[in-house]
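Chemist: any chance you can model this:
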Amino acid sequence: MRVAFKTACMLVLVMIVLIVARPGSGFAAPGSDYISMSGWDFKWAQQKDAADLRANESPDAGWKRLNSLKNLPTRDQDTADAWYKTVLPELKSSPSALLLKKVYGQHIIIYLDQRKVYEQTRSYMYDVNKILLPLSPGDMGKTLRIQVQAEKDRIGIAGDVLTGDYQMLLKQFVKSNLDDLILGSSMVFVGMVMLIVALFMRKGQLISWLTLTLILLSIGAIILTYSPLLYSLYNSYGQTILIVFDVALLSLLPSLTFYFEKTVGAGYMQIIRHFRKFQTLYSLICLSFMVVNLLLNDRIFDLYYVLSVKILGYLIILQIILVVVSSIGYAVKGNRNALIFTSGFVVFGLTVLIEMISFIVSSGKYELYWWKWGVLGFVLALIAVLGQKFTENHRQILMYSKELEMFNMELQRSEKMEIISELAASVAHEVRNPLQVTRGFLQLLLEKSINKDREYLTLALKELDRASGIITDFLTFAKPEIDQVQLLELADEFRHIEGILIPLANFQGSKITSRIPKDLYIEGNSSKFKQAFINIIKNSIEALREEGQVHIWAYTEQDEVVIHIQDNGEGMEPSEVARLGEPYFSNKTKGTGLGLMVTFRIIEVMKGNMKFLSEKGVGTEVIVRFPAVIQEDPI
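Modeler: Numbers count the residues shown, from 1 in each chain. The predicted structure is shown next:
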């Protein structure tokens, strides 16, 4: 997926560079290589009068002088043909050519004097033509007549007609719609790459991916099949190209709404989802009418045109308004995908909205142009949304991996604790009794022993006491439940703890400072609480170097009481911090690790949690959190 995303980004970047860097796509201003023809006459005529019109007629036989070719003539009758005529100017280059940038009509015939030099007939309903007609220097001064027939209301020549060098006009003929070919082909290619990648995707991501693929393929097909150049080059396949255009458009609209629904949301009161269902049904109806119209040889074309152009135009405007308003609403709520989607769709939506309104107001005479540049901005936004989803998925994978690692460590720790708990429960009592008996007899022997034996007996008693302490830790771990739960005031508890540990700190040349405010309350057992924090603070004292310091402070944070114990001792490596609380892991020479293990269990039973922050050579900070208890003032 990430490879496909990078490929799509690279292709779009290359596409932009090609469009920006290519020579001008418009028709250059008149110059030495070609000129714009002027002095046109125009006339409406019936088809039966076509032969008379091509014969000798008087100069004023119904012809009207046109100031320019920018505006299409208003059609007088449904059966009328539009006729244009002018005189060819001097042709300086050989070979020369005549370039008609845009002619609206299904049947076009061009005459030089009485000789027919060009004819094009289209049986399908696409009326935009681009014509390049070769000329020779001998054609100078001849009368050029152009006959145009059309099924639609718009008919005639739109824009300048150029004459000049054939090679230069040929370049203009190709370049004028080169951006359509680049944009459309790039979109289709990116869509095909994404379609191949879809074969290797997981089911959960497949629907959104295929929807975006369909959107890109549809947009690419629309851009390609809307270009007049394609019909000029492949006139015999015009009907097929029109079918591809209609299918792509009718597929794009519901897919775009569905993609928004999946990546951003279903909208207020599910309006986007309901509109998408309606769009899907309407697209199927239009496709059905298209098939019937093809089978009937365009006999119901007028009805199909109303459904697939006029009514669909209003639905596109409604879709743009719904999606823009919904995406802005989601963006205001903090949805990042909606913000990206909105930025791209606003560019696309505004261009389409303006052009669709112009198309409807002009009764279909306006030709859409700027929408494809809005499409480019929108596609970039779609790719950005896709990249955002990849980033979010990657972040979630990392988060899940860390959580899984934490759960595995917690599971291992729980298994170890369970084994030790069972071992402690079964062995501790049996071992403690023989130890007590042995210690009693050793004390009797110590009283009667001579000086030489006294040293060994004293050492034996110390080791027995140490073994008894380990067994006590085992029993505490095996049965950590708190029998007597009471309200503990932290300042009072730590006053007792400091009284026990300050002499130990002073003996090592260290210092303990504390800042525990009053009225901090938690629930627990006083003796267990003291045992846990004596273990923690004692470890901090033992980690101190000369003139070390242990600082203790506490405060409330939301619904918790937070206790910090910080020292400037030796500190620990991250690998050592990760193992704290494991049995038999200790940084002390004679340590067993059971004291800290018991501390973890006590704090856990009291519904608290403990966190270590340590840096080697700097010191260690322990952060313990307990649920706070609010002590109400008596009335």
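Chemist: find me the pLDDT at the nearest residue to Phe348 once chain neighbours are set aside, would you?
Modeler: Once flanking residues are discounted, Phe348 sits nearest to Phe378: 3.5 Å by CB to CB, 6 or more residues apart in numbering. Where you see a C-beta, it was placed from the backbone N, CA and C, and this is true even at glycine. pLDDT, Phe378: 71.
Chemist: how near is Phe378 to Leu252?
Modeler: 11 Å (CB to CB, to the nearest Å).
Chemist: what about these two, which has more around it?
Modeler: Taking other CB atoms under 10 Å, Phe378 and Leu252 do not tie; Phe378 has more neighbours (24 against 20).
Chemist: quick check: the more buried one is in a helix.
Modeler: Yes - counting by DSSP: H, G, I helix; E, B strand; the rest coil, Phe378 is part of a helix.
Chemist: confirm for me that it is in contact with Leu350.
Modeler: No - using CB atoms under 8 Å, Phe378 makes no contact with Leu350, being 10.7 Å away.
Chemist: and the one helix or strand Leu287 maps to, what does it pack against?
Modeler: Element membership for Leu287 (DSSP states H and E) is helix 271-295. With contacts taken as 3 or more CB pairs under 8 Å, 6 or more residues apart in numbering; DSSP states H and E, helix 271-295 sits against helix 238-263, helix 301-305, helix 312-332.
Chemist: what's the angle between the first one and helix 271-295?
Modeler: What that stands for is helix 238-263. Angle between the axes of helix 238-263 and helix 271-295 is 170 degrees (criterion: axes from the mean of the first three to the mean of the last three CA atoms, to 10 degrees).
Chemist: likewise for the last one?
Modeler: In terms of direction (the same axes, to 10 degrees), helix 312-332 departs from helix 271-295 by 160 degrees.
Chemist: list the buried residues for helix 312-332?
Modeler: Residues of helix 312-332 classed as buried by neighbour count (16 or more other CB atoms under 10 Å): 312-313, 315-317, 319-320, 322-324, 326-331.
Chemist: what do you get for the shortest one?
Modeler: Residues of helix 301-305 classed as buried: Phe301, Tyr304, Tyr305 (neighbour count, 16+ other CB under 10 Å).
Chemist: one more: stretch 537-549?
Modeler: For stretch 537-549, burial by neighbour count (16+ other CB under 10 Å) applies to Ile537, Lys538, Asn539, Ser540, Ile541, Glu542, Ala543, Leu544, Gly548, Gln549.
Chemist: low pLDDT regions in the stretch 151-300 of the chain?
Modeler: Scanning the stretch 151-300 of the chain with the threshold set as pLDDT under 70 gives 204.
Chemist: what about the closest residue to Leu294 other than its chain neighbours, neighbour count?
Modeler: Once flanking residues are discounted, Leu294 sits nearest to Ile243: 7.6 Å by CB to CB, 6+ apart. Using other CB under 10 Å, Ile243 has 16 neighbouring residues.
Chemist: repeat for the one 10 residues further on
Modeler: Other residues near Leu253 come to 20 when the count uses other CB under 10 Å.
Chemist: look up how far Ile317 lies from it.
Modeler: From Leu253 to Ile317 the distance is 12 Å (CB to CB).
Chemist: try Lys130
Modeler: Distance, Lys130 to Ile317, by CB to CB: 29 Å.
Chemist: what residues go with each domain of the protein?
Modeler: According to automatic domain parsing, the chain comprises the domains 1-25+177-202+216-233, 34-175, 401-478, 486-627.
Chemist: how about the ones you listed in JSON lines, adding distance to His394?
Modeler: Below are the domains of the chain laid out as JSON lines (distance: least, CB to CB, whole Å):
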{"stretch": "domain 1-25+177-202+216-233", "distance to His394": "8"}
{"stretch": "domain 34-175", "distance to His394": "43"}
{"stretch": "domain 401-478", "distance to His394": "11"}
{"stretch": "domain 486-627", "distance to His394": "24"}
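Chemist: can you say which of the ones you listed is nearest to Tyr268?
Modeler: Closest to Tyr268 of the domains of the chain is domain 1-25+177-202+216-233 (CB to CB; 26.7 Å).
Chemist: circling back: go through the helix holding Leu287 and flag the buried ones.
Modeler: Neighbour counts over helix 271-295 (16+ other CB under 10 Å) mark Ile272, Phe275, Arg276, Gln279, Thr280, Tyr282, Ser283, Cys286, Leu287, Phe289, Met290, Asn293 as buried.
Chemist: surely the fifth one meets Ser251?
Modeler: What that stands for is Thr280. No - shown here, Thr280 and Ser251 do not form a contact pair, counting by CB under 8 Å, at 9.9 Å.
Chemist: which residues touch the closest residue to Glu261 other than its chain neighbours?
Modeler: Residue nearest to Glu261 in three dimensions, not counting chain neighbours: Ile272, with 5.1 Å by CB to CB, 6+ apart. The neighbourhood of Ile272, defined by CB atoms under 8 Å, 6 or more residues apart in numbering, consists of Thr257, Phe260, Glu261, Gly265, Ala266, Leu322, Val323, Ser326.
Chemist: could you rerun that using 7 Å?
Modeler: Thr257, Phe260, Glu261, Ala266, Leu322, Ser326 (CB atoms under 7 Å, 6 or more residues apart in numbering).
Chemist: quick one: residues contacting the residue lying closest to the first one once chain neighbours are set aside.
Modeler: Okay, so that is Thr257. Nearest non-adjacent residue to Thr257, counting by CB to CB, 6+ apart: Arg276, 4.1 Å away. Counting by CB under 7 Å, 6+ apart, Arg276 touches Pro254, Thr257, Phe258, Glu261.
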